[in-house]
Every structure is written in structure tokens, then in C-alpha cells.
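>>> Could you work out the structure for the sequence below:
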Amino acid sequence: MKKFGLFLVPLALILAFSFAACGKTPGTGSSSGPSCATSQTIDLVATNFATSCQTVSANQTVTFNDPTGTGGIHIICTGQNATCSNDSTAPKDLQGSGFQITPGQTHQVTFTKPGTYKLACTVHPNMNMTLTVK
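From the prediction side, this is the model:
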């Protein structure tokens, strides 16, 4: 019976940890969805935004940062799935075809109107993020 107990206790712990992790978004520690970054800098990586959502303050400069070592060529605009949409409340730099940024560059944009903005890269079809401006 002791041998069975030695087997059962580790198994119970493994199951408990497995169920505790269910429903959580990886890297967020929350079962209610990802928590958004809160910084005035939006970092880019080779084929994506560094975060899928971010919250910034209105009327302050937001810096898009494309690092030399891990960045890529991007064309950033309002929209989704590599398609720009005409969001008239967005800053002019993000309207129309957006702006291009390459590794080692930064680009500054000021969001004057609070709201939720969908941002996309026309070069990378799955490069999308949600930006909340408060």
C-alpha cells in the first residue's frame, strides 16, 4: 500500500498543476486574457509587434521602436491582417498606407483622441495589435 501511495502523491500533484494552468494565456498569468503592456513605446520584432495589446496615454508621444538586432522592415497602419483601413480618428501617420520603419529606426506618433485602435503591418499578414489610448 505504501508503494501505491508513493505513486499516487506525485501523480496528484502533477494533475493539480496541470488543471491550475488550464485557461491561462501563456505568459500572462491570468485566465481572463492577456494583460496589455502600458508604455509609450511600442516595440517591434522581426515579423510582429512585441505585444498583442498595449495601453498608452493620449496627447503624449508614442514611439514605435524597431531594434537593429531583432527588427524587420514594417509598414504600420490602422487595420488588420495586412490591410489598412481608413480610421479618421487615428494620427495621420497611420492613415492611408501608413509609415515604413526599418531595423534601427524609431518613429514617433501622437494619439490625440482616446479610443481603441487596431494596428497592422502590411508586410506581415499576421502582425496585428490593439492599442488603447486613454
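>>> Would you mind writing the CA trace of stretch 114-123 as CSV?
Coordinates of each C-alpha in stretch 114-123 appear next as CSV, following Å, rounded to 0.1, in the frame of the first residue of the first chain:
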residue,chain,number,x,y,z
PRO,A,114,-8.8,58.4,-26.8
GLY,A,115,-10.1,55.1,-28.2
THR,A,116,-9.2,51.7,-29.4
TYR,A,117,-7.1,51.4,-32.5
LYS,A,118,-6.3,48.2,-34.5
LEU,A,119,-2.8,48.4,-35.9
ALA,A,120,-1.3,46.2,-38.6
CYS,A,121,1.7,45.7,-40.8
THR,A,122,1.1,45.4,-44.5
VAL,A,123,4.4,43.4,-44.9
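>>> how about the strands in the chain?
37-38, 41-45, 48-49, 53-56, 61-66, 74-80, 83-84, 99-101, 105-110, 115-121, 128-133 (DSSP state E).
>>> could I get those strands as CSV with mean neighbour count and distance to A90?
Where C-beta positions appear, they are placed from N, C-alpha and C, glycine not excepted. Below are the strands of the chain laid out as CSV (neighbours: other CB atoms under 10 Å; distance: least, CB to CB, whole Å):
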stretch, mean neighbour count, distance to A90
strand 37-38, 14, 19
strand 41-45, 20, 14
strand 48-49, 20, 16
strand 53-56, 19, 13
strand 61-66, 18, 11
strand 74-80, 23, 5
strand 83-84, 15, 10
strand 99-101, 17, 12
strand 105-110, 15, 9
strand 115-121, 19, 6
strand 128-133, 19, 9
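>>> need these in JSON lines with mean pLDDT, can you?
Shown next, in JSON lines, are those (pLDDT from 0 to 100):
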{"stretch": "strand 37-38", "mean pLDDT": "92"}
{"stretch": "strand 41-45", "mean pLDDT": "96"}
{"stretch": "strand 48-49", "mean pLDDT": "96"}
{"stretch": "strand 53-56", "mean pLDDT": "96"}
{"stretch": "strand 61-66", "mean pLDDT": "96"}
{"stretch": "strand 74-80", "mean pLDDT": "98"}
{"stretch": "strand 83-84", "mean pLDDT": "97"}
{"stretch": "strand 99-101", "mean pLDDT": "98"}
{"stretch": "strand 105-110", "mean pLDDT": "97"}
{"stretch": "strand 115-121", "mean pLDDT": "97"}
{"stretch": "strand 128-133", "mean pLDDT": "97"}
